[in-house]
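J.: Okay, predicted coordinates and the sequence, questions at the end:
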Amino acid sequence: MRIAIHQPEYLGYLGFYNKMMNADAWILLDNVQLAKRDFVRRNRIRGPNGPMWLSIPVITKGRYYQLIQEVEVDNTQSWRKSHWKSIQYQYQRAPYFEQYAEQLASIYESEWRLLADLNIAVIETMARLLTVERPTYLASQLGVNGNSSQLLAELTQAVGGDVYLSGPMGRDYLDESLFHERGLRVEYNDFTHPVYPQAQGEFVPYLAAIDLLFNCGPASRDVIAAGGSQTQ
């Protein structure tokens, strides 16, 4: 059984869901430290003059070493209204916006205390709409401790996996011996970003996957599948 492990990104880009598609099960790595500049609390959509960031405000004062599962959203700011307004403004003329808008808007109508809970809800909704759903586990609930390659190997074992599916950059940092000594194989998900129709302007890659969904609708799954495969 092939297991993919990834931090719970906000919205996620195509490669995120491509790796999910190519795995048999998925672990959301919520028990590691939140990095200041990553995609757990922000992502990009199409903007009027190119890509624009949607960033979720979180409470960080005095909490520098907090784990992703502990991070609280700063709901004193009206970020939910702002994010949905930006999404609606940018994509309301996209071919499939009306087909999916209600299901995504409901996420922004709810108040979220924890960033991880928000991201998990978004990931589950997007996986369903993209038809790439897989059994999903939270690392924080698996009783596994460790760092780096050891943590990834033991998480893979904890859910009955025999193959760990890494992103391509794993070649630069994974200690494959820690997997092999546990009887696990390592594979890499080599993702090449596909080109697909966008409603306006020149094509912009590496946007949040809602860009694909609103532009390509039911064909989105095939677009994602075209972007990657596994290699050892």
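T.: Right, received. Where do you want to start?
J.: In the chain, where is pLDDT below threshold?
T.: 228-232 (pLDDT under 70).
J.: Check the offset of the longest helix along it from the chain's centre.
T.: Counting by DSSP state H, the longest helix found in the chain is helix 115-129. Relative to its chain's centre, helix 115-129 lies at 8 Å (Cα atoms, centre = their mean, to the nearest Å).
J.: Tell me the buried residues in the helix or strand just after it?
T.: Counting by DSSP states H and E, the next helix or strand C-terminal to helix 115-129 is strand 136-138. For strand 136-138, the buried set under the neighbour-count rule, 16 or more other Cβ atoms under 10 Å, comprises Thr136, Tyr137. Yep, even glycine has a C-beta here, placed from its N, CA and C like the rest.
J.: repeat for stretch 173-183
T.: Quick answer for stretch 173-183 (16+ other Cβ under 10 Å): Leu174, Glu176, Leu178, Phe179.
J.: related to what we said a few turns ago, name the helices or strands packed onto the longest helix of the chain?
T.: Secondary structure elements in contact with helix 115-129, counted by 3 or more Cβ pairs under 8 Å, 6 or more residues apart in numbering; DSSP states H and E, are helix 14-21, strand 25-28, helix 97-108, strand 136-138, helix 210-216.
J.: what's the angle from the longest one to helix 115-129?
T.: The reference is to helix 97-108. 160 degrees (axes from the mean of the first three to the mean of the last three Cα atoms, to 10 degrees).
J.: quick one: contacts of helix 97-108?
T.: For helix 97-108, contacts defined as Cβ atoms under 8 Å, 6 or more residues apart in numbering pick out 80-81, 83-84, 87-88, 91, 118, 121-122, 125, 129, 210, 213-214, 217.
J.: ditto for the second one
T.: Counting contacts by Cβ under 8 Å, 6+ apart, the residues outside strand 25-28 that touch it are 1-8, 20, 116, 120, 123, 134-139, 142, 155-156, 159, 161.
J.: Buried subset of these as a ChimeraX selection?
T.: Buried members of the contacts of strand 25-28, defined by 16+ other Cβ under 10 Å, are picked up in ChimeraX with:
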select :2,3,4,5,6,7,8,20,116,120,123,134,136,137,139,155,156,159,161
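J.: The closest residue to Leu151 other than its chain neighbours and Gly50, how far apart?
T.: Distances taken as Cβ to Cβ, 6 or more residues apart in numbering place Val144 nearest to Leu151, at 6.6 Å, with adjacent residues excluded. Distance, Val144 to Gly50, using Cβ to Cβ, to the nearest Å: 41 Å.
J.: Who has more neighbours out of those two?
T.: Val144 (19 against 10; other Cβ atoms under 10 Å).
J.: how close does the residue sitting furthest away from the middle of the chain get to Ala153?
T.: Within the chain, Glu181 marks the point farthest from the mean C-alpha position, 29.3 Å out by Cα atoms, centre = their mean. From Glu181 across to Ala153, the span is 8 Å (Cβ to Cβ).
J.: Equivalent analysis for Arg44, please.
T.: Noted for Arg44: a distance of 32 Å to Ala153, by Cβ to Cβ.
J.: out of those two, which sits in the more crowded spot?
T.: Between Arg44 and Ala153, Ala153 has the larger neighbour count (other Cβ under 10 Å), namely 27 against 19.
J.: right, and that one touches His180 too?
T.: No - under the criterion of Cβ atoms under 8 Å, Ala153 is not in contact with His180, lying 9.2 Å apart.
J.: With adjacent residues omitted, what lies nearest to Ile56?
T.: In space, and not counting its chain neighbours, Ile56 is closest to Arg41: 4.6 Å by Cβ to Cβ, 6+ apart.
J.: on that earlier part again, for the longest helix of the chain, which outside residues touch it?
T.: 8-12, 17, 20, 28, 30, 34, 40-41, 56, 58, 68-69, 71-73, 100, 103-104, 107, 110, 112, 133-134, 136, 138, 209-210, 213, 220.
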